[in-house]
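> Predicted structure and sequence below. I'll ask about it afterward.
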Amino acid sequence: MNMLEVKNLSKVLGERQVLENMSLSVQQGEILFVLGRSGVGKSVLLKTIVGLIHQDKGEVWIDGEKTHPERELAMVAVRRQCGLVFQSPALFDSMTVKENLIFGDEDKARHISATMAWLKLPEKILNFYPSELSFGFQKKVSLLRTLLSNPKYLLFDEPTTGLDPVTTNLVNDVIRDCAKARNMGCLVVSHDLQSAYHLADRIVLIDQGKIALSGTPSNFKESDYPLAVAFRKGTINFAEGY
Amino acid sequence: MLKAINKGIEGLGRWAEFSIRVFKTFTSKGVSSTSLVEQMYHVGVRSLPITIVSGLFVGAILAIQINLQLKDFGAQTFLGGLSTSTTLRNLGPVLIAFLLSGRVGAFTSAELGTMAITDQLNAIRCLGMDPVEKIVVPRLVALTCSSFLLLILGLGMTVVGGVVISSAHLGVNPIQFSQNISLFVSSWSIGIGVVKSFLFGLMIGTISCFFGYHTAGGARGVGRAVKRTSVATLVSIILMDFLVSTALESLKTFFEIMANS
Amino acid sequence: MRNNEQRVLFLGFEALLSPIRLFATSCRVLVFSIVNIRLHGREITNQMFESAVLSLPIILFSLTIVSLMSILEFSWHMKLVLKQDALVPGFSMVLMVREVAPVVTAMLLTSRVGASIAAELGFMKVTEQLDQLKLLSVSEVEYLVIPRWVGCVFASITLTLASLVTSICVSTGIASRFMNYQPHEFFNTLFVFTKAFDLGGGLLKAFCFGTIIPFVSCVCGLSCQGGSRGVGQAATRAVVQSCLFIIFADFFLSYWLWTF
């Protein structure tokens, strides 16, 4: 039962039903892309999985065990297993890069150089402060920080948004390595269709809080669901309400 | 109106809950000394100039005002005692605490607020740690301690400010100034000043951490948190001032009655 | 190291000078706009409402407690000096009019209005709304600074008066309840020492503080940099610098008005 499962998740924020009966699962070694337009609650989904937001209904199961978001202590173990890479770099700006990386667990220092080489990060940035780095480097450091706790599942919140094409490719390669070489389950929330075609084993399309479409990239390419068509074309047919 | 009051009371409840949570974390986990020292430097040492300057000026202002009133009666010999006593017991701690609430309170809430909205606090949770333990507790402890020490220092500076202005411009030399201090300023008065300073420090710490920690809504939210922090600390300082004075006065009366009987 | 000190000194002077520079610009704009008037009336009324009416409850509440405190403290001291408290109302009223009402009102306004001005302008700056204003050729001084100035001066003066009224009521109530005064007797002794000049001085102080707060806060907001962190810092700086300026101004005004 090595999989991350989300069962019938529902969440209302304010007056809006952000998630409605959402169910999906990621196995180890698999890359699942969750596509959707901005503001349909993709980030809420990720934050709910690791318990930063509490769901109204539904459950999250990790390796066959149900999580209890109301118990803050029990969630610590869950969060060690599910690394979340935030959309903003979320680095602690009062600390150097190195202090950021080993925050809370000095032992992690042993793995830093190997992981840095993997991400093609120069060692000299270890003593820089996050504000002295470019946005791309900040995001990579943030990814590195998550990888150092050696999670089983990686949750990416728009990993490639705002990056240049070179860094985008590098991040995509890292995601593929994580899944294929290190056997982690990757759940990627994005609206970057090119990366999705490139990487995904399966694609899930969210529309108005519900799962509209689920299948392989080739299923997605052939689908005539209006939002999927709009995503492929990069245009929106307003007559259909998108 | 009723809704506003309701909301205020709810906020008070959440503040109390948060403070208790922080206090529990502090007693069970303690606080790491390195981050405590770092925070003490950030909020404490860097606030020294502003505390000294404001203390000097507050002391001088009150000396001027009280001198005016005493001059009409030819009772300038009482100046030192009266102005020192008024400053130490009441107005001094309040005014200096106002300035500190801006310097350290608003500063901390802006910092924590920025951490909250850029997901830094969430990142700590995701690394399997408690942000209250790692971030809030050191700040709160450092804030409370350094506000307390700074207030005491500021109170000392008010006396200096009073002496300087009296001898320079009011025609009361330092010896005359200090003659009557012992008549007015008992150890009880100093005690009141110290107790107030401690409680003000605690209020500044808990309130600024509370608003900072619960910031939401982007850059606008950070601004809102700072505003709420400074308003709430000011009002709570005034309220505390009153409560502490009343409580300590009745305690003193109680002791006196006990001693006499 | 030396370089750093020079930088700090320079920044200090800059902080001191830039509100004054903005003040001068605003005065110039105001003078010119009397000829070529382009005052944004709606903004001005908005700001007056924002800063005066919305701050009223909190200021009345705080001033009630402050005047309660000051009368109790005064009676304690007077008993120590004169062995009686007949002069308490007069003394406490003078201090109230000259010092406590304007300063405490200004401090509360700083935290409520000053911080929000800085945060608002800072937010506009980091979201490039200020650049947009420039593109629309709307002067930021005319549209943003002057309305806030008018609003803040109005708020400072009216709220100082309101807090004086509150403190009179509170002192009368307390004195007749706890200190065996008759209300009318107390009322008569209240204004023994207070002259019209004192009231004028208090209001002059209120005017000056009401000018300091918006200018310092506007400078902090307009010079804000660097996202949400910058907005927070701008609001913090606004509160700290306004409070410091208020204390300085209070000292010099007290000295100039009453000691000469």
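Perfect, thanks for sending it.
> and the gap between the closest residue to B:Gly59 other than its chain neighbours and A:Asn8?
Take B:Gly59 and drop its neighbours on the chain: the residue closest to it by C-beta to C-beta, 6 or more residues apart in numbering or on different chains is B:Gly161, 2.8 Å away. (Glycine included, C-beta is placed from N, CA and C.) In this view, B:Gly161 and A:Asn8 are 68 Å apart by C-beta to C-beta, to the nearest Å.
> in the helix or strand harbouring B:Ser147, what's buried?
Following DSSP states H and E, one finds B:Ser147 within helix B:137-165. Neighbour counts over helix B:137-165 (16 or more other C-beta atoms under 10 Å in any protein chain shown) mark B:137-159, B:161-165 as buried.
> helices or strands next to that helix in the packing?
helix B:2-29, helix B:33-39, helix B:48-71, helix B:79-86, helix B:92-100, helix B:107-117, helix B:174-179, helix B:187-213 (3 or more C-beta pairs under 8 Å, 6 or more residues apart in numbering or on different chains; DSSP states H and E).
> Ramachandran coordinates for A:Leu84?
A:Leu84 adopts backbone torsions of phi -110, psi 120, taken as degrees, to the nearest 10.
> ok so, going back, correct me if wrong: the residue nearest to B:Gly59 contacts B:Gly55.
Yes - using C-beta atoms under 8 Å, B:Gly161 makes contact with B:Gly55 at a distance of 6.4 Å.
> got the angle for the helix or strand where B:Thr253 lies vs helix B:92-100?
Per DSSP H and E: B:Thr253 is located in helix B:218-260. Relative orientation of helix B:218-260 versus helix B:92-100 (axes from the mean of the first three to the mean of the last three C-alpha atoms, to 10 degrees): 170 degrees.
> check contacts around the closest residue to chain A within the stretch 151-260 of chain C.
Closest to chain A within the stretch 151-260 of chain C is C:Arg229: 7.5 Å, counting by C-beta to the nearest C-beta. Contacts for C:Arg229 were tallied using C-beta atoms under 8 Å, 6 or more residues apart in numbering or on different chains; they are A:93, B:110, B:114, B:222.
> so which of those residues is the most crowded?
Most neighbours among these, by other C-beta atoms under 10 Å in any protein chain shown: B:Val222, with 36 neighbours.
> and it, what does it touch?
B:110, B:113-114, B:117, B:215, C:119, C:228-229, C:231-232, C:235.
> Using TSV, lay out the residues you listed together with pLDDT.
Shown next, in TSV, are the contacts of B:Val222 (pLDDT from 0 to 100):
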residue	pLDDT
B:Ala110	89
B:Gly113	91
B:Thr114	89
B:Ile117	88
B:Thr215	90
C:Ala119	89
C:Ser228	78
C:Arg229	81
C:Val231	86
C:Gly232	85
C:Ala235	87
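> Of those residues, which is the most crowded?
C:Ala235 (39 neighbours).
> quick one: which helix or strand includes that one?
C:Ala235 belongs to helix C:227-254, assigned by DSSP H and E.
> how far out from the middle of the chain is that helix?
11 Å (C-alpha atoms, centre = their mean, to the nearest Å).
> Stretch C:157-170 now?
14 Å.
> ok, residues contacting it?
C:52, C:55-56, C:59-60, C:63-64, C:66-68, C:70-71, C:93, C:96-97, C:100-102, C:104-105, C:109, C:190, C:202-203, C:206-207, C:210.
> Which members of these occur in helices, if any?
Secondary structure from DSSP state H places C:56, C:59-60, C:63-64, C:66-68, C:70-71, C:93, C:101-102, C:104-105, C:109, C:190, C:202-203, C:206-207, C:210 of those in helices.
> Chain neighbours aside, what residue packs nearest to B:Leu140?
In this structure, B:Leu140 finds its nearest non-sequential neighbour in B:Gly205, 4.7 Å apart by C-beta to C-beta, 6+ apart.
> That neighbour and B:Phe148 touch, don't they?
No - using C-beta under 8 Å, B:Gly205 is not in contact with B:Phe148; the gap is 9.5 Å.
> In contact with whichever residue of chain A sits closest to chain C, which residues?
Residue nearest to chain C within chain A: A:Asp93 (7.5 Å; C-beta to the nearest C-beta). Residues in contact with A:Asp93, defined by C-beta under 8 Å, 6+ apart, are A:129-131, B:120, C:229.
> quick one: it is in a strand?
No - judged by DSSP: H, G, I helix; E, B strand; the rest coil, A:Asp93 forms no part of a strand; its state is coil.
> quick one: the residue of the stretch 151-260 of chain C closest to chain A and A:Thr160, what's the gap?
25 Å.
> Kindly report the same for C:Glu140.
Distance of C:Glu140 to A:Thr160, computed by C-beta to C-beta: 38 Å.
> Neighbour count for the two, which is higher?
A:Thr160 (22 against 17).
> Now do the SS call for that one.
Applying three-state DSSP: A:Thr160 is coil.
> What does the pLDDT read for it?
Looking at A:Thr160, its pLDDT stands at 85.
> A:Asp192 is in contact with that one, correct?
Yes - using C-beta under 8 Å, A:Thr160 is in contact with A:Asp192, at 5.1 Å.
> Spit out the residues that contact the two alike.
By C-beta under 8 Å, 6+ apart, A:Thr160 and A:Asp192 have these common neighbours: A:Thr168.
> so who does the closest residue to C:Ser254 other than its chain neighbours touch?
Residue nearest to C:Ser254 in three dimensions, not counting chain neighbours: B:Ile64, with 5.0 Å by C-beta to C-beta, 6+ apart. B:Ile64 sits next to B:165, B:170, C:251, C:254-255, C:258-259 when contact means C-beta under 8 Å, 6+ apart.
> Dig out what the most centrally placed residue in chain A forms beta bridges with.
The centroid of chain A falls nearest to A:Phe156 when counting by C-alpha atoms, centre = their mean (1.6 Å). Each beta-bridge partner of A:Phe156 is listed here: A:Val85, A:Val188, as defined by DSSP bridges.
> got a list of what it touches?
Here A:Phe156 is in contact with A:85, A:175, A:186-190 (C-beta under 8 Å, 6+ apart).
> how far away is B:Ala225 from B:Asp241?
In terms of C-beta to C-beta, B:Ala225 sits 24 Å off from B:Asp241.
> Excluding sequence neighbours, find me the nearest residue to the residue of the stretch 1-150 of chain C found nearest chain B.
Here the stretch 1-150 of chain C gets closest to chain B at one residue, C:Ala119, 2.3 Å apart by C-beta to the nearest C-beta. Excluding the flanking residues, the one nearest C:Ala119 by C-beta to C-beta, 6+ apart is B:Gly223, at 2.3 Å.
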